[in-house]
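Visitor: Got a sequence here, can you model it:
(chains A and B, ligands or ions: 3)
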Amino acid sequence: MFTIDNYVKAETLEQAYSLNQKKTSTILGGCGWLKMGNRSIKTAIDLSGLGLDKIEETDTEFILGCMVSLRQIETNETINSYFGSAIKESLRHIVGVQFRNCVTIGGSIWGRFGFSDPLTLMLALGAEVKLYHTGKVKLSDFVNMPHDRDILTHVILPKNNQKTHYITHRATATDFPVIACCVSKLPEDFKDNGFRITIGARPQRASLVLDTNGILNDGITEESANKFADYVADNLNFSSNMRGSADFRRHLTRVLVRRALLALNQEV
Amino acid sequence: MAKILISFTLNGKKIEDAVSPDQPLLEYVREKGCKSVKRGCETSNCGLCTVLMDEKPILSCTMLAVRADGHDIITLEGKQQEAEEIGLFLAKEGAEQCGFCSPGLIMNIIAMKNELTNPSEDEIREYLSGNLCRCTGYVGQLRAIKAYLASKEDCQ
Ligand SMILES: Cc1cc2nc3c(=O)[nH]c(=O)nc-3n(C[C@H](O)[C@H](O)[C@H](O)COP(=O)(O)OP(=O)(O)OC[C@H]3O[C@@H](n4cnc5c(N)ncnc54)[C@H](O)[C@@H]3O)c2cc1C
Ligand code: FES
Ligand code: FES
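Guide: Residues are numbered from 1 along each chain as shown, chains lettered A, B, ... in the order given. Ligands and ions are numbered 1, 2, ... in the order given. Purely as a prediction, here's the structure:
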């Protein structure tokens, strides 16, 4: 458990940001991850008084405040009806309802944890993050940025008529995923055929793979799904940890990408 | 370390107090006499510390006491009647062995009953998956919970 010398319930984001410039300061999300460590926090900055616990919807996007809990997202009817089962599937295995009522989307995405389910999901959805100082950044860029002293204020999920399927393999219920896979199909644009595949818990941070070779150009069939699953599994790096070996993860990736693509086909 | 003034309700009673900013709600409510709330782990996994915050179940080991400010906190002590009733169903099914996990489980059963209507077995399992029991295989608890929910349906 961490210790706190001074606690400040921020009145503005500017105040929170300037306090956070000191290395000894820490932003408090839901404290789920923070409590696992022993940080001596000189100034703890609480964002919970800034109205950042709301989910807003516009014509083009969903805007999630950083203090929105994972459970709020999981039970939000409009988000779930827009994106289908993927949202709930990505969150419902995380520890338990009580835990998901505590932990935040801001802490989850800021952490850029290798095992992260929401990161794997939102990367495939084409999300952006809004940082107080830096402004809007694509999640696909943010995922590889170092942890600096900015504040993540919002996560933005674009409404792109995505069809999405989410699937993980867990050694036991409520444990971290051994591997996480999300497949999303955006409408085609001039650049590519719209497939976004993310693999998380490799166990490194989730990676995004596009179908640059056009393997799925003629649609999803058993054959193209197999071929694309091989392409993803063979082109990503995997490592071993106590939850599984690199080889096992590569094998699971092949299986889950194929399953997710075929499931997506049923939905389209 | 500077203490912080908070004002909230605990089991219906208004409380104004100064708390250490790094004290978990769990230890704080125990100091206030709510001894049903227990710590069963250091990793937010066991669910034994479950309390209701504005009717939603949360882990009091993970929530800081300062964040109770302005909220309504209920522990098992504030839900005596429902707790006893659920306890009887658990006893009738011989569900418990040591019983250590029961306070947290009962709080989450209460939360589930308020949030879900006619949950299926899968939904019950999913809602209660954050409540660990180290003695049993959950089978007796599941029988008791189903019987309890059915009895509530009959009353409506
Ligand atoms: C036992 C356990 C099991 C878990 N299992 C899973 C799992 O299976 N799948 C999964 O995806 N996740 C899992 N998680 C992670 C969890 O879902 C959360 O992502 C994690 O707790 C971080 O969210 P938080 O709100 O608790 O953040 P905190 O712990 O409060 O903060 C995490 C970090 O982010 C910083 N921070 C928080 N908010 C902001 C912000 N708005 N701007 C800038 N910095 C910020 C904090 O300073 C801190 O460094 C698990 C966590 C635990 C403790
Ligand atoms: S004490 Fe185990 S989850 Fe809170
Ligand atoms: S009965 Fe002993 S932990 Fe559940």
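Visitor: Now for the nearest residue to B:Glu115 once chain neighbours are set aside: which residues touch it?
Guide: Distances taken as C-beta to C-beta, 6 or more residues apart in numbering or on different chains place B:Tyr127 nearest to B:Glu115, at 7.7 Å, with adjacent residues excluded. From N, CA and C alone the C-beta is placed, and that goes for glycine too. B:Tyr127 is in contact with A:97, B:108, B:112, B:115-116, B:119, counting by C-beta atoms under 8 Å, 6 or more residues apart in numbering or on different chains.
Visitor: and A:Met88, what are its phi and psi?
Guide: Quick fix: residue A:88 reads Lys, not Met. With angles defined as degrees, to the nearest 10, A:Lys88 sits at phi -60, psi -40.
Visitor: With A:Tyr7 instead?
Guide: Here A:Tyr7 shows phi and psi, under degrees, to the nearest 10, equal to phi -120, psi 130.
Visitor: what sits opposite it in the beta ladder?
Guide: A:Ala44 (DSSP bridges).
Visitor: Looks like it contacts B:Pro21 (just checking).
Guide: Yes. Between A:Tyr7 and B:Pro21 a contact is recorded at 3.4 Å, counting by C-beta atoms under 8 Å.
Visitor: can you pull out the strands in the stretch 151-268 of chain A?
Guide: A:152-158, A:163-170, A:177-185, A:195-200, A:207-210 (DSSP state E, counting those that start in this stretch).
Visitor: Mind giving me the packing neighbours of the first one?
Guide: It stands for strand A:152-158. strand A:61-65, helix A:105-111, helix A:117-125, strand A:128-131 (3 or more C-beta pairs under 8 Å, 6 or more residues apart in numbering or on different chains; DSSP states H and E).
Visitor: Quick one: closest of these to B:Leu88.
Guide: helix A:117-125 (38.2 Å; C-beta to C-beta).
Visitor: close to ligand 1, is the closest one?
Guide: Yes. Helix A:117-125 is in contact with ligand 1 by C-beta under 6 Å from any ligand atom, via A:117-118.
Visitor: what comes into contact with that helix?
Guide: Contacts of helix A:117-125 (C-beta under 8 Å, 6+ apart): A:70, A:73, A:83, A:86-87, A:90-91, A:93-94, A:105, A:108-109, A:112-113, A:139-140, A:143, A:155, A:157-158, A:162, A:164, A:166, A:168, A:177, A:180-184, A:196-201, A:205-206, A:208.
Visitor: returning to that earlier point: can you pull the residues that touch both of A:Tyr7 and B:Pro21?
Guide: Common neighbours of A:Tyr7 and B:Pro21 (C-beta under 8 Å, 6+ apart) are A:44, B:2, B:4, B:66.
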